[in-house]
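In: task: produce atomic coordinates for the following.
(one chain, ligands or ions: 1)
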Amino acid sequence: MKIKHLKIRGTTFLAPLAGITNLPFRQLVKECGCAVVCSEMVSAKGIFYNSEKTITLMESRPEERPLSVQIFGSDPDAMGRAAAFVEDLGTADILDINFGCSVKKVVKQGAGVALMKEPGLARNILETVRKATTLPFTIKIRTGWDRSGDQAVEIARIAQEAGVDAIAMHPRTAPQGFRGEADWDQIKRLKTEIDIPVIGNGDINLPEDAARMMDHTGCDAVMVGRAAMANPFILAQIEEFMEKGSYSTPVPGEIFLKMERLARLYVDYFGEQVACKMLRGRLSWFVKGLPRASAFRRDLSGLESLSQTLELIRAYEKGLALAP
Ligand SMILES: Cc1cc2nc3c(=O)[nH]c(=O)nc-3n(C[C@H](O)[C@H](O)[C@H](O)COP(=O)(O)O)c2cc1C
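Out: Have a look, this model is predicted:
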């Protein structure tokens with residue numbers, strides 16, 4: 001698959017997840033095996049005002065590339081300037097615009113999924129951004145405000161005309177949030193309506209789901225969000241499944257090594273105190289379904305240092321190995 005001049009080696013994208021897909025998490029997923037990782041969404045206004053916190057969200061490391069940086073906003077001029085800024089920063093290989101976020105704070109400012117009901121404004125933003133950057137340019141949309149999928153098709157056509165290079169679709173409506181099922185038929189429809197590549201997203205929990213989505217919709221690549229939070233191996237497993245028709249499942253020892261790796265990456269990046277607070281939640285996702293996970297989660301709640309984190313992980317692993 002190609003997005004403009006960028007050749008993608010593989011078929012998997014890590015979805016943008018605000019508060020989750022920070023640099024260390026992306027590094028971990030990339031090390032497990034994944035074609036493209038995406039940043040958290042970044043405010044165009046924040047870029048405009050040169051907010052340090054916002055600029056930090058776009059930090060990258062060579063080993064995670066290619067990286068897609070997602071921006072959000074509703075002012076065409078600010079979006080154009082933000083796109084040019086992202087390109088000048090030199091850390092992004094793809095520029096993505098958020099047309100899907102349904103969080104109140106974002107929708108209230110006319111951004112995210114609110115853009116799907118403003119085709120005129122959407123066109124203005126897309127044309128302005130296209131002029132402002134030569135980066136491969138994508139958008140990530142929902143189905144729209146209703147189940148029809150008509151707004152998605154309208155926005156996608158506008159995007160294609162404006163020079164957008166690929167579209168990712170999470171086929172739930174705005175009011176749905178994350179409830180109900182993702183309607184893969186809408187990805188299939190989108191694929192027949194536009195010529196640029198389509199990346200399918202929504203409810204991929206296993207490699208078999210990714211294969212089913214590609215078969216059902218004809219999409220060019222798949223994007224995984226929530227399942228990667230608990231299983232950072234899933235994108236690598238999908239790549240393996242697509243290539244060989246089977247995939248390996250990590251043994252607990254590999255999962256624990258990744259937990260240690262994430263702890264070190266977090267501490268390196270955020271500093272020990274902040275990292276340990278964040279790790280209390282992050283590490284608990286990895287043990288979902290393992291015996292005595294709730295006791296381990298309880299122990300995590302008191303994390304203060306890297307050495308304590310590593311000790312807890314090792315003690316939990318040892319306990320599991322000794323369990324009858
Ligand atoms: C915690 C969380 C944060 C998210 N943040 C973003 C975001 O910043 N930008 C975006 O386009 N979508 C965001 N999404 C939506 C996901 O990218 C994805 O479209 C959605 O979770 C459906 O895919 P999944 O079923 O694989 O999780 C977020 C979802 C979750 C659960």
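In: I'd like the distance between the closest residue to the ligand within the stretch 101-250 of the chain and Asp146.
Out: Here the stretch 101-250 of the chain gets closest to the ligand at one residue, Gly225, 2.9 Å apart by Cβ to the nearest ligand atom. C-beta here means a position set from N, CA and C on the backbone, and glycine is covered the same way. According to Cβ to Cβ, to the nearest Å, Gly225 and Asp146 sit 23 Å apart.
In: which one of these two has more residues nearby?
Out: Taking neighbours as other Cβ atoms under 10 Å, Gly225 and Asp146 compare with Gly225 leading, 20 against 11.
In: give me the nearest residue to the more buried one, chain neighbours excluded.
Out: Spatially, and ignoring its direct neighbours in sequence, Gly225 is nearest to Ala15 (3.4 Å; Cβ to Cβ, 6 or more residues apart in numbering).
In: would you confirm that the one you found contacts Ala227?
Out: No. Ala15 is not in contact with Ala227 according to Cβ atoms under 8 Å; the separation is 9.5 Å.
In: looking at the two, which one has more neighbours?
Out: Ala15 (26 against 20).
In: residue contacts, the more buried one?
Out: Contact analysis of Ala15 by Cβ atoms under 8 Å, 6 or more residues apart in numbering lists 21, 38, 170, 201, 223-225, 228.
In: grab the nearest non-local neighbour of Ala166.
Out: In space, Ala166 is closest to Pro197, 4.2 Å off (Cβ to Cβ, 6+ apart).
In: ignore what I typed, I meant Glu254.
Out: In space, and not counting its chain neighbours, Glu254 is closest to Phe233: 7.9 Å by Cβ to Cβ, 6+ apart.
In: hmm, the one you found is touching Cys34, no?
Out: No. The pair Phe233 / Cys34 is not scored as a contact, 9.6 Å apart, by Cβ under 8 Å.
In: check what pLDDT Leu14 gets.
Out: pLDDT, Leu14: 98.
In: near the ligand, which residues of the stretch 201-324 of the chain?
Out: Applying Cβ under 6 Å from any ligand atom, one finds that the stretch 201-324 of the chain approaches the ligand through 201-204, 224-227.
In: apply 5 Å and report the result again.
Out: Contact residues (Cβ under 5 Å from any ligand atom) of the stretch 201-324 of the chain with the ligand: 201-203, 224-226.
In: can you check the stretch 51-200 of the chain too?
Out: 98, 100, 140, 170.
In: quick check, the third one in a helix?
Out: No. Counting by DSSP: H, G, I helix; E, B strand; the rest coil, Lys140 is not found in a helix; it is strand.
In: count of residues packed around it?
Out: Residues contacting Lys140 under the criterion other Cβ under 10 Å number 27.
In: repeat for Pro119
Out: Pro119, neighbours per other Cβ under 10 Å, totals 14.
In: need phi/psi at it.
Out: Dihedral pair for Pro119: phi -60, psi -30, per degrees, to the nearest 10.
In: quick one: it and Arg157 touch, right?
Out: No. Counting by Cβ under 8 Å, Pro119 stays clear of Arg157, with 9.3 Å between them.
In: list the helices and strands the longest helix along the chain packs on?
Out: Taking DSSP state H as the criterion, the chain has its longest helix at helix 252-270. Contacting helix 252-270 under the criterion 3 or more Cβ pairs under 8 Å, 6 or more residues apart in numbering; DSSP states H and E are the following elements: helix 23-32, helix 272-286, helix 306-322.
In: tell me what the second one is packed against?
Out: Judged by 3+ Cβ pairs under 8 Å, 6+ apart, helix 272-286 is in contact with helix 226-230, helix 252-270, helix 293-300, helix 306-322.
In: could the ones you listed go into CSV alongside distance to Gly90 and mean pLDDT?
Out: Formatted as CSV, the helices and strands packed on helix 272-286 follow (distance: least, Cβ to Cβ, whole Å; pLDDT from 0 to 100):
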stretch, distance to Gly90, mean pLDDT
helix 226-230, 26, 94
helix 252-270, 19, 95
helix 293-300, 37, 92
helix 306-322, 31, 91
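In: still on that earlier bit, surely the residue of the stretch 101-250 of the chain closest to the ligand meets Leu17?
Out: Yes. Proximity of Gly225 to Leu17 meets the contact threshold set by Cβ under 8 Å, at 5.5 Å.
In: can you tell me what sits against stretch 200-217?
Out: The contact list for stretch 200-217 (Cβ under 8 Å, 6+ apart) reads 11-13, 15, 140, 168-172, 181-182, 184-185, 187-188, 191, 198, 219, 221-225, 227, 234, 237-238, 240-242, 247.
In: of these, grab the buried ones for PyMOL.
Out: Typed into PyMOL, the line below selects the buried ones among these, using 16 or more other Cβ atoms under 10 Å:
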select buried, resi 11+12+13+15+140+168+169+170+171+172+182+184+187+188+191+198+219+221+222+223+224+225+227+234+237+238+240+241+242+247
